[in-house]
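Asks: Sequence first, predicted coordinates after that:
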Amino acid sequence: MRNRAKRYVDRIREGVRESFAAEHTPPEVAGSFALGVFITMLPTLGTGLILFGILSYLFAQINRIALFASVLVLNPAVKWGVYGASITLGVFLLGPVDGIEGASVSLDAGWDVLIRLWVGNLVLAAIATVIGYVVVYRMVVSYRKREFEIVDTVIGTADDDPESTAADENRDPASETVDAE
């Protein structure tokens, strides 16, 4: 059981690394994740995954791994909290529904409740989309910068002549003078 969980975590980690290092630009990776967050937050009743498949097939700019990673963040257990926050925000923005108390809200209450759910959900989805984009964009840029620094360090060290490197390390910069012309 522990090995299976470790393999699963390793696959996710490798997928994220692959996504960050893929041929997609940082805005494409971040945009793919943000699009996934927006769709996943909406009350799509499971059809969001079908939409993911269609979008990733139609648009080459979409990073599939980043798109599907949004499901890990907004999994079914988390979505109930999103729906609760959505209905609360919708009631705050549009006002309460006559004859319905907070604990008795259900989808059987009709269109008034659904409209409040959708309005609150759209507002939260827009906020989460922007946050998701910014966070993932910064992560991808940081990851790629670090990877390039590591590659530059390894390549730079391999290309340097060991004797000149040793001479540079033993050189005293304070003893050098600059000739002015």
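Replies: Thanks, I have the structure now.
Asks: give me the low-pLDDT residue ranges for this protein?
Replies: Low-confidence segments of the chain, defined by pLDDT under 70: 8, 12-13, 15-22, 99-109, 147-181.
Asks: Can you show me the helices along it?
Replies: Assigned helices in the chain, in chain order: 2-21, 26-41, 48-58, 64-73, 76-94, 111-159, 162-170 (criterion: DSSP state H).
Asks: what's the most buried one of the ones you listed?
Replies: With neighbours defined by mean count of other C-beta atoms under 10 Å, none of those is more surrounded on average than helix 26-41, at a mean of 24. Backbone N, C-alpha and C define where each C-beta goes, glycine included.
Asks: Give the other helices and strands that it contacts.
Replies: Other helices and strands packing on helix 26-41, by 3 or more C-beta pairs under 8 Å, 6 or more residues apart in numbering; DSSP states H and E, are helix 48-58, helix 64-73, helix 76-94, helix 111-159.
Asks: out of these, nearest to His24?
Replies: Across these, the minimum distance to His24, taken as C-beta to C-beta, is reached by helix 64-73, at 7.8 Å.
Asks: would you list the helices and strands packed on helix 26-41 in JSON lines and tack on distance to Ile39?
Replies: Supplementary listing: those in JSON lines, determined by distance: least, C-beta to C-beta, whole Å:
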{"stretch": "helix 48-58", "distance to Ile39": "5"}
{"stretch": "helix 64-73", "distance to Ile39": "8"}
{"stretch": "helix 76-94", "distance to Ile39": "12"}
{"stretch": "helix 111-159", "distance to Ile39": "8"}
